[in-house]
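[1] Following is a predicted model, sequence given first.
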Amino acid sequence: MTGRGCSVMVLRVWRQSRAMEQKPTIGTVFVPGGMPKFTYVPRTERELEKALQKVTDNLCKLVVVTGATKTGKTVLTRRVLSNQEPLVKVECGRIQSEDDFWQECMIELGARLDVELSESSGKAEGADISGTLSVGAFGAKLKTQAQINEEINSQKIEKSKPAGSLRSRTIRYLRETSSILIADDFHYLPRSLQGHIVRALKSEIFDGFPFVIIAIPHRRYDAVRVEREMNGRIEPIKVPDWSIEELVKIPKIGFPLLGMKITDKLSKRLAEEAYGSPHLMQEFCKELAQKSDELTEPSVERSFDDSIFIKISEHTGKVIFDKLASGPRQRSDRKQRRLVGGGTADIYRVILMALSRLEPGMRKVDYESLRASVKDLLYQEDMPQAHEVTRVLEKMAEIASKEEMSVKVLDWDEEEQKLHITDPFFAFFLKWSRDYVDTSV
C-alpha cells in the first residue's frame, strides 16, 4: 500500500474510534439519511450481512444490492465493509462521464492524478505561469508561480488524458491495492455507461476483484444489460422493506440512550406510519426527541401528536407530486372541473386528490375505488369518462418512469386495473400533506 493509502486508512480508523467514544446526542442517535452509529439494526434474521460479506472472499461475481429507496442499502453495505481497506466509494449521482467515474476512484484511493500539459509561447509582454495539480487523500492542491517577462509569454494548458488511459491506470491501481469498489446509486448513470463500467471490470471480477453495485430496481437500472455483460455471474442481494418489528427497534434502542422513555404503543404507531422505511422512522424519532427535549421535564409521550408527521411530510414528496400534478407538457385536454368543496382542478390534480383521500400507503389501489373517490370530489356533470381516468393513470406512470425521476413512485397495471404506490416517501406525503394537495388547486 502506498504512503497515501496508509494515511487514508489511519484517518478512517481514527474517525471510527472517535465516533465510538462520542457521547450520545439527539443528532448522533437518530440520523435520518446518514450512517447510524447507535441505532443501527442488523436485521440478523434476514442474513443480509452474511450475504454481503461474501464479497471479501474471492467471490468472482458482481454483487448487486437492490431495494426500494431509503431501505438501508447504503448503510448496510458500508457497515459490513467499513473495516475493509482500501474501500473505494463512488457516488454515481454526481458522475457525468466515464472519466468522472475513474477519477472518483483514484481520488478515493489518494492516488496522484497527472495531467498532460501543452505549452504555447510568443513574443509579448506577459506572465510566465506554470502549475502542477496533485490530488491526494486530503483534497486538491494547486501550486502556481508567476514571473513577469517582457519578451516571452509562456502558458501551460491542461489537456485531459484519453478515457482509455485513465480507465486502465485506475483498474490497475484498484487491483494492485486490493481495493473493494462500491458504486452507490448506480441507477443514476445512463444505461450505456452502466454497461461500459461493468464491461471494463469484467475480467477483474472474474479474477476475484470485489465490486458492489447499489441500485433501485426500476427502468433506469438496466439489470438485463448488466446480466448480459456478466454472463450470469451476479450475486443479487435484495434488501426488503422493513417490518413493524424491525422498525420499532430504532426507538427502543435510541430513546434510552438519550435518557428518554417511549412506550411500545407509541413505537408501533411510528413504525406503522413509516411504510417500511428506516429513514422515515429515524425522521420521526429525531423530531420527537427534539420536541421532548424542549420541555422542562422531557416526556416523549406528551411531545407526540400528528403535527410531527405533517411537518416531516413537507419535505418528503412535494417535488414529485408537483411533477405528476402538472402532467405532460401538452395541456390541450386540461379541462378545469368544479370541485364539490369549492374551486376547480384539472383531471391530473383531481386524481391525485382522490388518491390522497384513500391513504393507500404501499397498497395497490383498484380502479373502481379510485373512481369512487374521484366521484366524491366532483359534480356529476364534471365526472371524467372511464377511459379518461385510465389514460391519465398511464401518463402518470410514464412520467414517474422518466429519466429525470430518480425514484419511480407509482405504477399502473393495465391488466389488473390497479395503481401501485411504490415509494414510501410519496405514500407518506399523500397521507399527511392533504392541506397542500387541496389548497394548491
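    Right, received. Where do you want to start? Note that the structure is a prediction, hence the values are computed from the model and not measured.

[2] Can you name the residues that contact residue 285?
    In this structure, residue 285 makes contact with 30, 39, 250, 251, 254, 255, 270, judged by C-beta atoms under 8 Å, 6 or more residues apart in numbering. Every C-beta, even on glycine, is put in place using the N, C-alpha and C of the backbone.

[3] Find the pair from those with maximum spatial separation.
    Greatest spatial distance among the contacts of residue 285 (C-beta to C-beta): 39 and 270, at 12.9 Å.

[4] Show residues contacting stretch 204-215.
    Taking C-beta under 8 Å, 6+ apart as the rule, stretch 204-215 contacts 52, 55-56, 58-66, 73-74, 77, 81, 171, 174-175, 180-187, 201, 221, 226, 230, 233.

[5] Would you mind checking these for buried ones?
    Buried residues within the contacts of stretch 204-215, defined by neighbour count using 16 or more other C-beta atoms under 10 Å: 52, 55, 59, 61-66, 73-74, 77, 81, 171, 174, 180-187, 201, 221, 226, 230.

[6] Any regions of the stretch 251-400 of the chain where pLDDT drops low?
    330-333 (pLDDT under 70).

[7] Could you pull out the helices in it for me?
    264-273, 278-293, 300-303, 307-313, 318-326, 347-358, 367-377, 386-400 (DSSP state H, counting those that start in this stretch).

[8] out of those helices, nearest to residue 95?
    Among those, if distance is taken as C-beta to C-beta, the winner is helix 318-326, at 21.7 Å.

[9] what helices or strands is that closest one leaning on?
    When contacts are defined as 3 or more C-beta pairs under 8 Å, 6 or more residues apart in numbering; DSSP states H and E, helix 318-326 sits against helix 347-358, helix 386-400, helix 424-432, helix 434-439.

[10] Let me know which of those helices is the nearest to residue 44.
    From the helices and strands packed on helix 318-326, taking C-beta to C-beta, the stretch that ends up closest is helix 424-432, at 22.7 Å.

[11] picking up where we left off before, can you flag which of the buried ones among the contacts of stretch 204-215 belong to strands?
    62, 63, 64, 65, 66, 180, 181, 182, 183, 184 (DSSP state E).

[12] and the residues you listed as a markdown table, adding pLDDT?
    Converted to a markdown table, those look like this (pLDDT from 0 to 100):
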| residue | pLDDT |
| --- | --- |
| 62 | 93 |
| 63 | 94 |
| 64 | 93 |
| 65 | 95 |
| 66 | 92 |
| 180 | 96 |
| 181 | 97 |
| 182 | 97 |
| 183 | 97 |
| 184 | 95 |
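
[13] and which of these is nearest residue 262?
    residue 65 (31.0 Å).

[14] The closest one reaches residue 239, doesn't it?
    Yes. Using C-beta atoms under 8 Å, residue 65 makes contact with residue 239 at a distance of 6.4 Å.

[15] any residues in contact with both of those two?
    73, 76.

[16] Deepest-packed of the helices and strands packed on helix 318-326, please.
    helix 424-432 (a mean of 24; mean count of other C-beta atoms under 10 Å).

[17] what's in contact with that helix?
    68-70, 241, 273-277, 280, 306, 309-310, 312-313, 316-318, 320-321, 352, 355-356, 359-362, 407, 409-410, 421, 437.

[18] Got a quick ChimeraX command for the buried subset of those residues?
    Selection command for ChimeraX covering only the buried members of the contacts of helix 424-432, criterion 16+ other C-beta under 10 Å:
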select :68,69,70,241,273,274,275,276,277,280,309,312,313,316,317,318,320,321,352,355,356,360,361,362,407,409,410,421,437
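
[19] mind checking which of the helices and strands packed on helix 318-326 is nearest residue 45?
    Nearest of these (C-beta to C-beta): helix 424-432, 21.1 Å.

[20] what's the angle from the closest one to helix 318-326?
    70 degrees (axes from the mean of the first three to the mean of the last three C-alpha atoms, to 10 degrees).

[21] Bridged to residue 211, which residues?
    In this entry, residue 211 is beta-bridged to residue 181, by DSSP bridges.

[22] Could you check how far it is from residue 196?
    Taking C-beta to C-beta, to the nearest Å as the measure, residue 211 falls 14 Å from residue 196.

[23] Just want to know which of the two has more residues nearby.
    residue 211 (23 against 17; other C-beta atoms under 10 Å).

[24] Roughly how far does the more buried one sit from residue 343?
    54 Å.

[25] ditto for residue 312
    Residue 312 is 27 Å from residue 343, by C-beta to C-beta.

[26] With residue 97 instead?
    47 Å.

[27] same thing with residue 200?
    Separation of residue 200 from residue 343 (C-beta to C-beta): 55 Å.

[28] more neighbours, these two?
    residue 200 (19 against 11).

[29] Kindly state the pLDDT recorded for the residue nearest to that one when sequence neighbours are not counted?
    Leaving aside its sequence neighbours, residue 200 sits nearest to residue 167 (C-beta to C-beta, 6 or more residues apart in numbering; 5.7 Å). Predicted confidence (pLDDT) for residue 167: 95.
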